[in-house]
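K.L.:
Sequence and predicted model, in that order:
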Amino acid sequence: MASSTLQPTLRCEADRLIFTYPFRIAHGVRTGTDVVLVKLSVDGHFGLGEATLPPYLPWQVDDVLALIRDIQVTIDITGQHPTWSAKHTALYQCPPACAAVDMAVWNLTASLQGQTLAELIGYPGRPCPHTFTLGISDTQEMAEKLAFAREQNFSLFKLKMDAAHSQSMFDAYRSLTDTPFAIDANQGWTPGPSTVAFAQHLAQHGCILIEQPFERTNRAAHRELCDVLDIPVIADESVQNLNDFEQLAQCYDGVNIKLQKCGGITAAIELIRAAERMQKDLLIGCMSESSIGCSSAEALTSRAMWADLDGPWLIANDHYIQDRAFSL
C-alpha cells in the first residue's frame, strides 16, 4: 500500500438479535438484543464491528448510531498493532460504540495484511474451553438447551442464577448431567453465611468458577468469598475497564473481559496484560453478540482459561456467520 495511514469508508446500521429462548438472568428476562453494526472499507477490503445494547445499559440504538454515523476514522498501521482516532470525542465515552469501531479497525487491518485476527493481535494458539449458557429455566427447557448445546459440541455449561432460582437451577442441572459447570449470578446473590455455604456446596459438586455473585460495589463480600472457596470468583459487572480492574483486583481471583464493556480489542489487550501481571484468571466473555462480536473476541481466547462466546448459538437470526459482509 502506498500509505500506512488510512481513512476507510465507514457505514453502520441497526438490527435486533432474537434469542431462540427467552434469556432469563438476575437482571430480568429479554427476548432479544438491539445492535449497531459497523463496516469499514478500503481498497476492496472490509472489517466488521458490533455494538451490543442490552436494556440494562444506558445507551439506545439511536444514541449509538448518532455517535458513529458520519465520523471520519483514521487508522495508522505503521506499528505492530493498528491505532485509530475519530474526531468525535463522545464516541470514547460509550464503550459499545467504541468497541464496534475498534473491532472493525482490527478486522480491516487483518484483512489488509493477509492475517487472521489472532495472528495480528499476536495471540495465535489453542483456544481455551468454551461454555454454553443456560439461562434460568425449568428442567424441561434446560434439557432442550443441553441437547442442542451438545449437538454443537459444547461440553461445559454456565448456569445463570439469581436469589430465587439458584437451588432449582442446580437441582435441574444435576438431574440431567454430572458434568462440571460454571455459575453466573449477575449480582443476584445476597451476602451472608447461607450464601457462602451454598457456594461451597457448589464447589464440592462440580462447579469450576463463580462469576459476579454480589452487587458490583460490594468489595468485602467478594473478597470474603474468594478467601473461603477453592474455586475462583470472577469479576464481571464490577470491572468495566482497566482502571476498575487495577482498583479491584485484590477482591477477585479473575476477570471476565468483554469487548462491549471495555471498549474493544485494543482495551481488552491492556486488560489481559494487566491480569497476567497480577496472575489473575481470565475469562473472555460476550454480551450476546452475533458472530461478528464473538469472532473478534475469539481471537483473544488462547490467553484465557475459559471463554463464554456462545452468543451466535443463542440467537435465531445471526445473519453474519464467518466473514460475510452485511447489507451495506
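P.N.:
All right, it came through fine. Numbering: from 1, shown residues only.
K.L.:
What residue spans form the domains of this structure?
P.N.:
Following automatic domain parsing, the chain resolves into domains at 5-120, 123-314.
K.L.:
Would you single out the least confident of those domains?
P.N.:
Ranked by mean pLDDT, the domains of the chain bottom out at domain 5-120, which scores a mean of 93.
K.L.:
quick one: terminal-to-terminal distance for that domain?
P.N.:
17 Å (Cα to Cα, to the nearest Å).
K.L.:
and that domain, how far from the chain's centre?
P.N.:
Offset of domain 5-120 from its chain centre (Cα atoms, centre = their mean, to the nearest Å): 14 Å.
K.L.:
just stretch 161-168 next, same as before
P.N.:
23 Å.
K.L.:
and Glu237, what is it in contact with?
P.N.:
When contacts are counted by Cβ atoms under 8 Å, 6 or more residues apart in numbering, Glu237 is found next to Asn186, Gln187, Gln212, Arg216. From N, CA and C alone the C-beta is placed, and that goes for glycine too.
K.L.:
switch the cut-off to 10 Å
P.N.:
Applying Cβ atoms under 10 Å, 6 or more residues apart in numbering to Glu237 gives the contacts 27, 56, 186-187, 211-212, 214-217, 244, 256, 261.
K.L.:
now, the most widely separated pair of the residues you listed?
P.N.:
His27 and Asp244 (18.8 Å; Cβ to Cβ).
K.L.:
Now do the SS call for Thr131.
P.N.:
Assigned by DSSP: H, G, I helix; E, B strand; the rest coil, the conformation of Thr131 is strand.
K.L.:
Which strand residues bridge the closest residue to it other than its chain neighbours?
P.N.:
Excluding its sequence neighbours, the residue lying closest to Thr131 (Cβ to Cβ, 6 or more residues apart in numbering) is Lys158, at 4.2 Å. Judged by DSSP bridges, the bridge partners of Lys158 are Thr133, Ala182.
K.L.:
on that earlier part again, report the buried members of the contacts of Glu237.
P.N.:
His27, Asn186, Gln187, Glu211, Gln212, Phe214, Arg216, Asp244, Asn256, Lys261 (16 or more other Cβ atoms under 10 Å).
K.L.:
Restricted to helices, list these.
P.N.:
Asp244, Lys261 (DSSP state H).
K.L.:
With distance to Ser85 as extra columns, can I get the buried ones among the contacts of Glu237 in JSON lines?
P.N.:
Conversion of the buried ones among the contacts of Glu237 to JSON lines gives the following (distance: Cβ to Cβ, whole Å):
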{"residue": "His27", "distance to Ser85": "34"}
{"residue": "Asn186", "distance to Ser85": "35"}
{"residue": "Gln187", "distance to Ser85": "35"}
{"residue": "Glu211", "distance to Ser85": "34"}
{"residue": "Gln212", "distance to Ser85": "33"}
{"residue": "Phe214", "distance to Ser85": "38"}
{"residue": "Arg216", "distance to Ser85": "31"}
{"residue": "Asp244", "distance to Ser85": "24"}
{"residue": "Asn256", "distance to Ser85": "28"}
{"residue": "Lys261", "distance to Ser85": "21"}
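K.L.:
Which of the buried ones among the contacts of Glu237 fall in strands?
P.N.:
In strands, defined here by DSSP state E, the members of the buried ones among the contacts of Glu237 are Glu211, Asn256.
K.L.:
Alpha carbons of whichever strand or helix holds Leu225, as PDB, please.
P.N.:
Using DSSP states H and E, Leu225 maps to helix 219-228. C-alpha atoms of helix 219-228 as PDB (Å, rounded to 0.1, in the frame of the first residue of the first chain):
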ATOM      1  CA  ARG A 219     -15.900  -5.500  47.700                       C
ATOM      2  CA  ALA A 220     -15.900  -7.100  51.100                       C
ATOM      3  CA  ALA A 221     -18.400  -9.800  50.200                       C
ATOM      4  CA  HIS A 222     -16.400 -10.800  47.100                       C
ATOM      5  CA  ARG A 223     -13.100 -10.800  49.000                       C
ATOM      6  CA  GLU A 224     -14.600 -13.000  51.700                       C
ATOM      7  CA  LEU A 225     -15.900 -15.500  49.200                       C
ATOM      8  CA  CYS A 226     -12.500 -15.700  47.500                       C
ATOM      9  CA  ASP A 227     -10.900 -16.400  50.800                       C
ATOM     10  CA  VAL A 228     -13.100 -19.400  51.700                       C
END
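K.L.:
Show the subsequent helix or strand relative to that helix.
P.N.:
Proceeding C-terminally, helix 219-228 gives way to strand 233-235 as the next helix or strand, assigned by DSSP H and E.
K.L.:
Now do the same for the residue nearest to Ile265 when sequence neighbours are not counted: helix, strand or coil?
P.N.:
Of all residues not flanking Ile265 in the chain, Trp106 sits nearest, at 4.8 Å (Cβ to Cβ, 6+ apart). State at Trp106, reduced to three classes by three-state DSSP: helix.
K.L.:
residue contacts, Trp106?
P.N.:
Counting by Cβ under 10 Å, 6+ apart, Trp106 touches 40, 47, 49, 75, 81-82, 84, 117, 120-121, 264-266, 269, 296, 299.
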